[in-house]
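*Asks:* Show me the folded form of this:
(chains A and B)
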Amino acid sequence: MADNKIPIDQIARLADDVRLIKDFAENHNFDSSLLTANVSPSSESESKADSALYSMIGSIVLLLVSIAVIKFWSPPLSSVAISFIFIVGLVFATLASVAAHRKFQDNIVTGIVVIGVFMVLFIGTGIFTPEQAVDKVGELAN
Amino acid sequence: MKKNTRLKKYVELFKRNISQYIAPGMDIKTTIYPVEADGAVFEFLFNNENDTSENIDSLRPTVGRVLSEIPQRMVSGNIEGVKFGGTNLYLEGNRILIIKGEDDPSGWSGAAIMEDVQRVVSTSQGGKSNGGQ
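*Replies:* Have a look, this model is predicted:
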């Protein structure tokens, strides 16, 4: 008889389990015609997601090309031309950040991409040394 | 969850992600029920009257209190004694209730919201399910 008794702490845990509703889903006569039956996203949405990824990669590549032109073009460019290409680089860095946000829809990931691409641009064009860039990122993180 | 910015962000991303599944001509009216404790309740009402309004209801102490005061047939009895975890879904008629039980950032991220949308869409075509236990 005594063997059949359940310890009180087990009963308490069981009661807690019963009262917890987690990741439950119930369809109570929902009008299924309001949402399309195809659970997989449409091909259009996939292409949208892919276009964000391709835009991000393309913008980063063009950003690197801009930096390479400023650094390695021979004979060296005039200061006006360098300023113009730097602005073009800023545009590509911004586009890469926007595309990253469209792709991942996460502020943390977007923040990392923003810091990354702008630091690449600033280090690549000689505005910051790598040491200064690390300090700046540290300041931003704090 | 009391942070209006996070609550509104959830609605924005939820509506953006579910828009690809919605039948043509349908709009979604949204009501947000913030709570002082962890979690929140979102109500999405499908309509064809161009109503895309977004309202934030009054702050309530718990998710259980919200559910005790709005129409739903998922939980009955002493709802305020019930704890909610993860993301719970209740679909009825032209209405979707999303019941968030926690403030854990992982449950409110962009990826988590996309997963919520996938669960809503699959649940809309089926019946009851319990993915958490």
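
*Asks:* Do I have it right that B:Ile99 meets B:Leu91?
*Replies:* No - assessed by Cβ atoms under 8 Å, B:Ile99 is found out of contact with B:Leu91, at 11.7 Å. Placement of C-beta: from N, CA and C, glycine included.

*Asks:* residue ranges of the strands in the chain, please?
*Replies:* Just so you know, I chose chain A. Here chain A has its strands, by DSSP state E, at A:20-22, A:24-30.

*Asks:* Oops, wrong one, chain B.
*Replies:* With strands called from DSSP E, chain B shows them at B:27-34, B:40-47, B:54-56, B:83-85, B:87-93, B:95-100, B:129-130.

*Asks:* Let's have those in CSV, adding distance to A:Ser78.
*Replies:* Compiled in CSV, those are given as follows (distance: least, Cβ to Cβ, whole Å):
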stretch, distance to A:Ser78
strand B:27-34, 55
strand B:40-47, 57
strand B:54-56, 52
strand B:83-85, 63
strand B:87-93, 58
strand B:95-100, 57
strand B:129-130, 66
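
*Asks:* where among those strands is the average confidence lowest?
*Replies:* Lowest mean pLDDT within these: strand B:129-130, a mean of 54.

*Asks:* Show me what counts as buried in the longest helix along chain A.
*Replies:* Scanning chain A for the helix with the most residues, using DSSP state H, yields helix A:43-72. Across helix A:43-72, burial judged by 16 or more other Cβ atoms under 10 Å in any protein chain shown covers A:Ala52, A:Ser55, A:Met56, A:Ser59, A:Ile60, A:Leu62, A:Leu63, A:Leu64, A:Ser66, A:Ile67, A:Ile70.

*Asks:* Look up the closest residue to the residue nearest the centre of chain B, ignoring the ones flanking it.
*Replies:* For chain B, B:Ile98 is the residue whose C-alpha lies nearest the centre (Cα atoms, centre = their mean; 1.9 Å). Leaving aside its sequence neighbours, B:Ile98 sits nearest to B:Phe42 (Cβ to Cβ, 6 or more residues apart in numbering or on different chains; 4.3 Å).

*Asks:* What of A:Asn27?
*Replies:* Using Cβ to Cβ, 6+ apart, the closest residue to A:Asn27 is B:Leu91 (4.8 Å).

*Asks:* Contact partners for residue 121?
*Replies:* With no chain named, the answer covers chain A. A:Leu63, A:Ser66, A:Ile67, A:Phe86, A:Gly89, A:Leu90, A:Ala93 (Cβ atoms under 8 Å, 6 or more residues apart in numbering or on different chains).

*Asks:* not what I meant, chain B
*Replies:* The contact partners of B:Val121, taken as Cβ under 8 Å, 6+ apart, are A:Leu35, A:Thr36, A:Val39, B:Ile18, B:Tyr21.

*Asks:* Could you list the low-pLDDT ranges of chain B?
*Replies:* Within chain B, the segments meeting pLDDT under 70 span B:127-133.

*Asks:* 50 instead, please
*Replies:* B:131-133 (pLDDT under 50).

*Asks:* show me where it has helices.
*Replies:* B:4-18, B:63-69, B:110-124.

*Asks:* For residue 71, list the residues it contacts.
*Replies:* As the question left the chain open, I've gone with chain A. Neighbours of A:Lys71 in contact, by Cβ under 8 Å, 6+ apart: A:Gly124, A:Thr125, A:Gly126.

*Asks:* Same check on B:Ile56?
*Replies:* Counted by Cβ under 8 Å, 6+ apart, B:Ile56 has contacts B:Asn4, B:Leu7, B:Lys8, B:Thr31, B:Ile32, B:Pro34.

*Asks:* again, only this time at 7 Å
*Replies:* B:Asn4, B:Leu7, B:Ile32, B:Pro34 (Cβ atoms under 7 Å, 6 or more residues apart in numbering or on different chains).

*Asks:* Of those residues, grab the buried ones for ChimeraX.
*Replies:* With 16+ other Cβ under 10 Å as the criterion, this ChimeraX line picks the buried residues out of the contacts of B:Ile56:
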select /B:7,32,34
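
*Asks:* Closest one of the contacts of B:Ile56 to B:Val120?
*Replies:* B:Ile32 (16.3 Å; Cβ to Cβ).
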